[in-house]
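Student: Need coordinates for the following:
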Amino acid sequence: QVQLVESGGGLVQAGGSLKLSCAASGRTFTSYARGWFRQAPGKEREFVAAITWSGGSITYADSVKGRFTISRDNAKNTVYLHMNSLKPEDTAVYYCAASTDYPRFQSPSTYWGQGTQVTVSS
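Tutor: Down below sits the predicted model:
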């Protein structure tokens, strides 16, 4: 069974940092891009960041550029999201994804995690 499991979420004050991890199991995502999305209460899910298998291409949402960094460790089948200078508007459930459809992640064969809550207090 293929699973993507996020971890590292929590409560942090504005200006603080968190590191999210997403470990994959059940298969190796060779050639798959990995990405992070988020969904705030009452809002649609939105793209945050994505990285190709090789790491040669990385894309960020404008709202997180300069504050968030995505990285991956293919040997560990894991993708990370380092979040710095967090703002209350970053509060959301963060989901990781694996897909061959970079950077849209809209293919029906895209895999999704269950999400981890990030709450930033002012």
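Student: who are the neighbours in contact with the nearest residue to Thr116 once chain neighbours are set aside?
Tutor: With sequence-adjacent residues excluded and distances taken as Cβ to Cβ, 6 or more residues apart in numbering, Thr116 is closest to Gly9, at 3.4 Å. Just so you know, the C-beta spots here come from the backbone N, C-alpha and C atoms, and that holds for glycine as well. By Cβ atoms under 8 Å, 6 or more residues apart in numbering, Gly9 lies in contact with 18, 20, 94, 116-118.
Student: Just the closest of the residues you listed to Lys76, please.
Tutor: Of all the contacts of Gly9, Leu20 has the smallest distance to Lys76: 14.3 Å, by Cβ to Cβ.
Student: Now do the contacts for the closest one.
Tutor: By Cβ under 8 Å, 6+ apart, the contact set of Leu20 is 6-9, 36, 80-81, 83, 94, 96, 116, 118.
Student: what about the helix or strand that contains it, distance to the chain center?
Tutor: Element membership of Leu20, judged by DSSP states H and E, is strand 18-25. Offset of strand 18-25 from its chain centre (Cα atoms, centre = their mean, to the nearest Å): 8 Å.
Student: pLDDT of that strand, averaged?
Tutor: The pLDDT scores in strand 18-25 average 96.
Student: any idea how far Gly35 lies from Gln13?
Tutor: Using Cβ to Cβ, to the nearest Å, Gly35 is found at 27 Å from Gln13.
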